[in-house]
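Engineer: Okay, here's the prediction I keep looking at, along with the sequence it came from:
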Amino acid sequence: MEIRQDNPMASHVAELLTHHLSELQAVMGGHAFALDASGLAAPGVTFWTAWQDSKLLGFGALKELDGAHGEVKSMRAAPAARGTGVGRALLDHIIAEARTRGYARLSLETGTAALHVPAVALYRSAGFIQSEPFADYRPSPHNQFFHLDLAGARS
């Protein structure tokens, strides 16, 4: 598997990103905070794709909230790649990049629906713990918040 920095506006990302946004919107409605292609291409957001040969396996992004705090954004494995380790590889890559940048904290927001159970298990297995809302997020029955303390855990 190869993970590379990519352009979220690229045509090879469009189908999976559309699927991602549509699925979240259907489950979470107005509480879905996933970024569209323009949001993922904004300054302060770094976007990566995971590949096996010429097959797109998934994507993920890291948004800088400030010089010491980042946010995991838009983690998604392609439906055919679920359960293959692509999510773990992308999350490990994002955590490593956050450490390289010197962030003390990495946060994320995700949903509470059954669709999100595998993602929550992945985040917890990587050391994320449930936390209060951060940045401009507001709590609702549809979302939950996690953080990973990177201070003192740099590698």
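Structural biologist: Perfect, I can see it now. Since we're looking at a predicted model, the values are computed, not measured.
Engineer: any idea which helix or strand of this structure has the worst average confidence?
Structural biologist: Ranked by mean pLDDT, DSSP states H and E, the helix or strand of the chain with the weakest confidence is helix 11-28, at a mean of 89.
Engineer: what helices or strands is the next helix or strand after that one leaning on?
Structural biologist: Past helix 11-28, further along toward the C-terminus, the next helix or strand under DSSP states H and E is helix 37-40. Under the contact criterion of 3 or more CB pairs under 8 Å, 6 or more residues apart in numbering; DSSP states H and E, the helices and strands touching helix 37-40 comprise helix 11-28. Just so you know, the C-beta spots here come from the backbone N, C-alpha and C atoms, and that holds for glycine as well.
Engineer: now the helix it packs on, how far from the centre of its chain.
Structural biologist: Average the C-alpha atoms of helix 11-28, do the same for its chain, and the two points are 13 Å apart (CA atoms, centre = their mean, to the nearest Å).
Engineer: And the strands in this protein?
Structural biologist: 2-5, 45-52, 55-66, 69-77, 105-111, 129-131, 143-149 (DSSP state E).
Engineer: out of these, nearest to His12?
Structural biologist: In terms of CB to CB, the element of those nearest to His12 is strand 55-66, at 6.0 Å.
Engineer: Check which helices and strands that closest one sits against.
Structural biologist: Contact here means 3+ CB pairs under 8 Å, 6+ apart; on that basis strand 55-66 packs against helix 11-28, strand 45-52, strand 69-77, helix 86-100.
Engineer: What strands flank that strand, and is each parallel or antiparallel?
Structural biologist: The pairing partners recorded for strand 55-66 under DSSP bridges are strand 45-52 (antiparallel), strand 69-77 (antiparallel).
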